[in-house]
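**Student:** Next come a sequence and a model predicted from it.
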Amino acid sequence: MSGRRVGFCLSDKKRRRMNLDAFAEFSAGHGVEVVEIDLAQPLVTQGPFDVIVHKLSDVIVEAEHDSQSQQLLTNFQSYVSAHPSTVLLDPLPAMTQLLDRFASYRIMSKLHNSLRDWHICSPPYLEIHSSSDVSSLQQAVMTQGISFPLVCKTRVAHGSLSHEMSLIFSAGSLADIHPPCVLQSFVNHGAVLHKVFVVGDRHFCVERPSLKNFPSGPCDRKTIFFNSHQVSKPESSSDLTALDEQVPCLPPPSSEAVAALVRELRTQLGMALFGVDIIINLHTHTLTVIDINIFPGYEGVPQFFSSLLSHIESVFNKQTFAGPQATSFPESAQTKGGPSAATTGL
Ligand SMILES: Nc1ncnc2c1ncn2[C@@H]1O[C@H](COP(=O)(O)OP(=O)(O)OP(=O)(O)O)[C@@H](O)[C@H]1O
Ligand SMILES: O=P(O)(O)O[C@H]1[C@H](O)[C@H](O)[C@H](OP(=O)(O)O)[C@@H](OP(=O)(O)O)[C@@H]1O
Ligand SMILES: [Mg+2]
């Protein structure tokens, strides 16, 4: 793959979290040059690029209200429009939709239809666009079939504020929400989260800590405010994740069902780099999708670098054989997962 150039456009935090320097070294060993793109400088003087890998979520969200960020985004979009043979991982419209929980939860809510045979669903949820009185909220919650406890999450699905959420136990506590937000029925799942990390046509399942079980139904308990990064990171351990009583161990989600889910989401989203958070309903054993993330951290996936480079190379091959407009990716052979991650064929 000599002479191939891959541009990366990441925040400093994301660049460090991903260890881009190590990926650049790894890629150089395969004849692929990794170039860090400076959004503040003209891209045309930094290119050309065969592929651009980016996580512009910061810029996209800030561009809503900041002219400088809007200019950076416009510069980027102008370059991409002027260079149609440069493949974006992932396309901006696809990424933008996942920055809005209203949009991503609409996609999740359709899964039980498209994946009916696999008994895959997502919890009932309600979009709260603006503030209203508690009795109207209570009525809307009941009409939508949202059960208590429920989880309140910000509409914006990216950045530190997006991980601040709350567990609400009764109608009276609906006064604690701050619209715009979503209210999603809480599902008891034994404090185990299954993170599915997708890289092109491969995916890896990683178990993580998760919120513990709570008694179903409304109860007179104060709202619990928490940050999701205190709950479901590999090292997360708190009163919120420690089960109050032992429950039977649930089997992990079937690899066939996860493969069907990933196939469906890849088609729906048109993306190659995303994460899906799955829990298993303690009572029905239903595979329940609670979240979708763009370009996640892939922590616990030792095959991330090789899978990302393999996917980038599949894009190169597609470009070579099908001309510069090609952007869909071939299925590729699977490799066995590492000790902490499992891959299943698609
Ligand atoms: N409907 C739900 N039922 C049960 N637990 C839930 C539900 N929604 C969220 N949780 C718990 O809260 C945690 C964070 O939720 P979610 O993944 O939506 O937040 P997030 O900030 O988007 O997370 P991240 O971006 O880190 O994946 C989950 O890992 C899970 O432990
Ligand atoms: O853009 P943000 O900060 O929302 O991206 C998060 C993402 O939402 C997930 O929280 C990632 O965690 P995992 O799903 O566990 O991979 C975060 O990855 P991290 O490695 O930075 O914790 C993203 O930052
Ligand atoms: Mg999540």
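**Tutor:** Now that the structure is in, tell me what you want to look at. Ligands and ions are numbered 1, 2, ... in the order given.
**Student:** Nearest the geometric middle of the chain, what residue?
**Tutor:** Nearest to the mean C-alpha position of the chain, by C-alpha atoms, centre = their mean, lies Asn293 at 1.0 Å.
**Student:** Just the element for the residue lying closest to that one once chain neighbours are set aside, please.
**Tutor:** With C-beta to C-beta, 6 or more residues apart in numbering as the criterion, Asn293 has its nearest non-adjacent residue at 4.1 Å, and that residue is Gly275. For every residue, glycine as well, the C-beta is placed using N, CA and C. Using DSSP states H and E, the element containing Gly275 is strand 273-280.
**Student:** The helix or strand just after that strand pairs with which strands, parallel or anti?
**Tutor:** On the C-terminal side of strand 273-280, the nearest following helix or strand under DSSP H and E is strand 287-294. Strand 287-294 has its sheet partners listed here by DSSP bridges as strand 120-121 (parallel), strand 273-280 (antiparallel).
**Student:** Glu36: how many residues sit nearby?
**Tutor:** By the measure other C-beta atoms under 10 Å, the count of residues near Glu36 is 13.
**Student:** so which residue of the stretch 51-200 of the chain comes closest to ligand 2?
**Tutor:** Nearest residue of the stretch 51-200 of the chain to ligand 2, counting by C-beta to the nearest ligand atom: His158, 4.1 Å away.
**Student:** Tell me the bridge partners for Met165.
**Tutor:** Under the criterion used (DSSP bridges), Met165 bridges to Phe226.
**Student:** And it, how close does it get to ligand 1?
**Tutor:** 6 Å (C-beta to the nearest ligand atom, to the nearest Å).
**Student:** dump the residue contacts of that residue.
**Tutor:** By C-beta atoms under 8 Å, 6 or more residues apart in numbering, the contact set of Met165 is 151-154, 225-228.
**Student:** Name only those of those residues that count as buried.
**Tutor:** The neighbour count (16 or more other C-beta atoms under 10 Å) marks 151-154, 226, 228 as buried among those.
**Student:** What strand or helix carries the closest residue to ligand 2 within the chain?
**Tutor:** Of all residues in the chain, Gly297 sits closest to ligand 2, at 2.1 Å by C-beta to the nearest ligand atom. Using DSSP H and E, Gly297 is not contained in any helix or strand.
**Student:** okay but it is in contact with Arg16, surely?
**Tutor:** No - contact criterion C-beta atoms under 8 Å: Gly297 and Arg16 do not qualify, at 11.1 Å.
**Student:** Please identify which of these two sits among more neighbours.
**Tutor:** The neighbour count for Gly297 versus Arg16, taken as other C-beta under 10 Å, is higher for Gly297 (16 against 11).
**Student:** check contacts around that one.
**Tutor:** 17-18 are the contacts of Gly297 under C-beta under 8 Å, 6+ apart.
**Student:** Per-residue pLDDT of it, please?
**Tutor:** For Gly297, the model assigns a pLDDT of 97.
**Student:** So what does it have for phi and psi?
**Tutor:** phi -90, psi -20 (degrees, to the nearest 10).
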